[in-house]
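Novice: Next comes the sequence, and after it the predicted model I'd like to discuss.
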Amino acid sequence: MNEPLMSLQNLTRTFDTRGGRIVAVDNVSFDLHKGDILCLVGESGSGKTTVARMAGGMLKPSLGKVLFEGRDINAMGKDDFKSYRQAVQIIHQDPYASLNPVQTIGEIIRAPLLHHKLVKGRREATQRVAELLELVDLSPAENYIGKYPHQLSGGQRQRVSIARAMTLNPRMIIADEAVSMVDVSTRVSLLNTMLKLSNELGVTFMFITHDLSVVKYFGWEGRVGVMYVGKLVERGRTPNLIGRSLHPYTRALAAAIPEADPDLTRSKEKLQLRSLDIPNLNALPSGCVFHPRCPYWVEGLCDVKSPPLVDVGNGREVACHVVVRNIQEGGNGRDLAPTSEELRTSSAAD
Amino acid sequence: MAEATLNTSDPTAAAVEVEMRKKSFWRVFVERNKAGAFGIFLLTVILLLTFIGPFFVHGENRTNVSLIYGGPSWAHPLGFDHSGRDIWYQIVHGGRSVILVAFLAALMATAIGVILGSLAAMIGGKFDVAMLTISDVVLTVPTIILLAVLAAFVRLNSPVQLALILGATGWPVLLLAIRSQVLSLKEREYVEAARMLDLGMPRILFREVLPNMASYILINFVFNMRGAVYGQVALYFLGLVSLSGVNWGIMIQEAFRRGAVFLPASMMGLVAPIFMIVMLMWSLILVARSLEDVFNPRLREP
């Protein structure tokens, strides 16, 4: 476990738009070891999909590197890139757009097997297709193999996407909001299927979602990175991060996880944000990008200086001036005094 | 060893069997679409008549003054034209070159349009700009006038030559349409998934992108064929190509020039070739429309 399977180093990606240059991903780094589950959480526009596309080699970073087994994927030779390309697969968000409507499920999954000569002949290919469908719990396989994507439900289509991603025996799967468009009722069983791939086949997962309750279920054994408008704001092991979130943004997200127990819901910490609006990417706030929404911000510090990601021990890292200062002063990083006058004005506005 | 894995207890064996028993393309076609089946029937009849018919309908296409505007009989079911030639004989023998030229021209125009259009979209950059410029230039040249000018310099008498010219001017619209469709299709997530799976550019183009436009391409092929038939007939009608041989276009031209519109006795010489051309068009349109059904998997349910 010394060398990471994939290492993202200072990834930055900018896009030039009509309104000027926007920074979609700003200086994001993390490592994934074999068998890891890493969840990236953030709301729309936080840059998590851009990170996924760069890690998957679909997009070149503006700055920084994606290292796969220690080598930069954008500086690889053709053969090396080919083996990387086959080892890392993306599962897309929209199960209705990610399957070719004119091909049957059998054809969709068989194509990569035959193209890369992993099987000999049509019969053996079909045999393997059936095994893959059974692997993703589409059973019995003969009910699905001859069907067209439009004849399946969203959850079933997403399983087909997973089976297709598994054809080349990948070592890593990047699941980009893979369950967000699936009915809540089938979400858990889909997550179980992916957990099975992780546990039994040792597939490394980079799991991207906007839903912390999904992280709680899928990534409990792994780590979480929380992104906010292109920056990593907090990082740590899942139980720590969700149970004792430090960054005010993470705390707000954790507070939003629905609980089945009404008593628990009533007693839960509620965090009042100053604003519900995500900042415009064309005109990011100065200093800490979260300060216009943060209930704990300190004038003259948070709106001036951008906080770096600081290691606060116990494998936790957080990018927040106030939290870090509290911990350095001997606090637990959670008993913070709200910027009172600000909160008062915000509740008056409500 | 394949048989060994095919015992009934193996859950995947049944799947293998289902997949191996897929319905054939043509069975689905006939079952699904009555109009399409009729179109195919009509097209087959026309093709048999014009390609196999000449082996059975003998005779000579010789002028015979005693038979001018002669009436129909069992041996000559459509009667005779203005110079005493058998109209039925001309109908049977005169369709082959019209259909062949139209087919060749449409094949050429479609091939150029699809290949260059999809390459322009996939490669992009300078190649794309060059293709757009060339098709814009070709698009501004009116075909009939180009042919009229060409006819002044070259003797347009071989069908292949005619097909080449009609094909070389028929592709720009298709190229632009294919290019824009490929541009949108190649951003689809299933194409990105194919790129992730490293399936290679040719496979992505021919298996992922183009099949989604198959019906569109086919319909365009038929429209191109229609355009080529009309183009040919127009050329014959205007007398821009040599009027030697037997041909539906020549029949129309001669009948019209001889005033068939005013002479009831000579009407058959004009109506018969027009009827054949109309039937050909109708069958092509029926076939094209129903092929769209076959290529749309939503309509292919058992």
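Specialist: Cool, the structure landed.

Novice: Show the residue spans covered by the strands in chain A.
Specialist: A:6-17, A:20-32, A:37-41, A:63-68, A:71-72, A:88-91, A:172-176, A:204-209, A:223-228, A:231-237, A:310-313, A:316-318 (DSSP state E).

Novice: Kindly state which of those is positioned closest to chain B.
Specialist: Checking the strands of chain A against chain B by CB to the nearest CB gives strand A:88-91 as the closest, at 5.5 Å. To be clear about C-beta, it is placed using only N, CA and C from the backbone, and glycine gets the same treatment.

Novice: Just checking: what are the partner strands of the closest one?
Specialist: Here strand A:88-91 has these sheet partners by DSSP bridges: strand A:172-176 (parallel).

Novice: mind listing what's buried in the partner strand?
Specialist: A:172, A:173, A:174, A:175, A:176 (16 or more other CB atoms under 10 Å in any protein chain shown).

Novice: export stretch A:231-242 as CSV, just CAs?
Specialist: Extracted as CSV, the C-alpha positions of stretch A:231-242 are listed here (Å, rounded to 0.1, in the frame of the first residue of the first chain):
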residue,chain,number,x,y,z
LYS,A,231,-12.1,23.7,-3.9
LEU,A,232,-11.7,20.9,-1.5
VAL,A,233,-12.9,22.3,1.8
GLU,A,234,-12.7,19.2,4.0
ARG,A,235,-11.4,15.7,3.8
GLY,A,236,-11.3,12.8,6.2
ARG,A,237,-12.6,9.3,7.0
THR,A,238,-16.3,9.0,6.4
PRO,A,239,-17.5,8.3,10.0
ASN,A,240,-15.5,11.1,11.4
LEU,A,241,-16.4,13.5,8.7
ILE,A,242,-20.1,12.9,8.8
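
Novice: Same question for the one helix or strand residue B:177 maps to: list its buried residues.
Specialist: Using DSSP states H and E, residue B:177 falls within helix B:172-185. By 16+ other CB under 10 Å, the buried positions in helix B:172-185 come out as B:172, B:173, B:174, B:175, B:176, B:177, B:178, B:179, B:181, B:182, B:183, B:185.

Novice: Mind giving me the packing neighbours of that helix?
Specialist: Packing contacts for helix B:172-185, counted by 3 or more CB pairs under 8 Å, 6 or more residues apart in numbering or on different chains; DSSP states H and E, involve helix B:96-123, helix B:125-140, helix B:214-238.

Novice: Now mean pLDDT too, for those, in CSV please.
Specialist: Shown next, in CSV, are the helices and strands packed on helix B:172-185 (pLDDT from 0 to 100):
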stretch, mean pLDDT
helix B:96-123, 91
helix B:125-140, 90
helix B:214-238, 85
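
Novice: Looking at those, spot the one closest to chain A.
Specialist: Taking CB to the nearest CB, helix B:214-238 is the member of the helices and strands packed on helix B:172-185 nearest to chain A, at 7.6 Å.

Novice: Give me the angle between the closest one and helix B:96-123.
Specialist: Relative orientation of helix B:214-238 and helix B:96-123, computed by axes from the mean of the first three to the mean of the last three CA atoms, to 10 degrees: 140 degrees.

Novice: Quick check: which ranges of the stretch 151-300 of chain B have low pLDDT?
Specialist: For the stretch 151-300 of chain B, applying pLDDT under 70 flags the ranges B:156, B:295-300.

Novice: How about the next helix or strand after the helix holding residue B:177 and chain A, any contact?
Specialist: Sequence order places helix B:189-196 as the next helix or strand after helix B:172-185, per DSSP H and E. Yes - counting by CB under 8 Å from any CB of the partner chain, chain A is contacted by helix B:189-196 at B:189, B:190, B:192, B:193, B:194, B:195, B:196.

Novice: The residue in the stretch 251-350 of chain A positioned nearest to chain B: what's it in contact with?
Specialist: Sorted by distance to chain B under CB to the nearest CB, the residues of the stretch 251-350 of chain A start with residue A:281, at 21.4 Å. Residue A:281 is in contact with A:22, A:23, A:24, A:45, A:229, A:230, counting by CB atoms under 8 Å, 6 or more residues apart in numbering or on different chains.

Novice: Serialize these to a markdown table and add fields for pLDDT and distance to residue A:335.
Specialist: What follows is these, written out as a markdown table (pLDDT from 0 to 100; distance: CB to CB, whole Å):
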| residue | pLDDT | distance to residue A:335 |
| --- | --- | --- |
| A:22 | 85 | 36 |
| A:23 | 87 | 33 |
| A:24 | 88 | 35 |
| A:45 | 79 | 31 |
| A:229 | 88 | 27 |
| A:230 | 88 | 29 |
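
Novice: Can you pick out the most distant pair from the residues you listed?
Specialist: Within the contacts of residue A:281, two members stand farthest from each other by CB to CB: A:23 and A:45, at 11.5 Å.

Novice: TSV for the helices and strands packed on helix B:172-185, including mean neighbour count and distance to residue A:100?
Specialist: Output for the helices and strands packed on helix B:172-185, formatted as TSV (neighbours: other CB atoms under 10 Å in any protein chain shown; distance: least, CB to CB, whole Å):
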stretch	mean neighbour count	distance to residue A:100
helix B:96-123	21	16
helix B:125-140	13	24
helix B:214-238	20	12
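
Novice: Switch the ones you listed over to TSV; also include distance to residue A:85.
Specialist: Output for the helices and strands packed on helix B:172-185, formatted as TSV (distance: least, CB to CB, whole Å):
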stretch	distance to residue A:85
helix B:96-123	18
helix B:125-140	23
helix B:214-238	28
